[in-house]
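Asker: Sequence and predicted model, in that order:
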Amino acid sequence: MKSVPSITNVFLLVALAALMVTGCASSRSGEVYSRDHARQAQNVMAGTVESVKHITIEGTKTPVGTAAGGVAGGVLGSTVGSGSGRTVATVLGALAGAAAGTAAEEGITRKPGLEIVVKKDSGTTIVVVQEADVVLAPGDRVRIISAADGTTRVSK
């Protein structure tokens, strides 16, 4: 006799997948440094904020959300009907779950951000996009911190 997964097991599976997805998302914060940037020299320039625009940084789209949603949908679909009907429900559940998992991952990892236009003291103007975790306004004096890998952040 085949056992039917309980709703609790399916819920736990989906919760675990959500934790995996959010744990894999890297930060685009001006206040968070990656491990690779620790103990590395970085260039610092000074400048003045010309404008700040609120934007949205899209979320990640990895196979993790798709796979987790597909598994959860397949498990739920397998609880419907019997015989060939169950097989069809399992396949349809897996497909719907995969689509929902992809959308959920992108939504969970989406972040509010800032598009910051800075005029450097050298006279050139740059735009930096980072998470909206600092308060900046036009006219603010800021530091522009650039790493060797091209990562740039704006800080007060």
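Answerer: Looks like it arrived, so ask away.

Asker: Longest strand in this structure, by number of residues?
Answerer: In the chain, taking DSSP state E as the definition, the longest strand is strand 43-57.

Asker: helices or strands up against that one?
Answerer: Applying 3 or more C-beta pairs under 8 Å, 6 or more residues apart in numbering; DSSP states H and E, one finds that strand 43-57 contacts strand 111-120, strand 125-131, strand 141-146. Placement of C-beta: from N, CA and C, glycine included.

Asker: where does the residue nearest the centre of the chain fall, phi/psi-wise?
Answerer: With distances taken as C-alpha atoms, centre = their mean, the residue of the chain nearest its centroid is T109 (3.0 Å). Dihedral pair for T109: phi -100, psi 0, per degrees, to the nearest 10.

Asker: Quick check: buried residues in stretch 112-121?
Answerer: For stretch 112-121, burial by neighbour count (16 or more other C-beta atoms under 10 Å) applies to 113-114, 116-118.

Asker: Touching that stretch from outside, list them.
Answerer: Contacting residues not belonging to stretch 112-121 are listed as 28, 45-57, 125-132, 134, 136, 142, 144, 154 [C-beta atoms under 8 Å, 6 or more residues apart in numbering].

Asker: go again using 6 Å as the cut-off
Answerer: The contact list for stretch 112-121 (C-beta atoms under 6 Å, 6 or more residues apart in numbering) reads 45-53, 55, 57, 125-129, 131-132, 154.

Asker: Of the residues you listed, just the buried ones, ChimeraX syntax please.
Answerer: A single ChimeraX command selects the buried members of the contacts of stretch 112-121 (16+ other C-beta under 10 Å):
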select :45,47,49,52,126,128,131,132,154
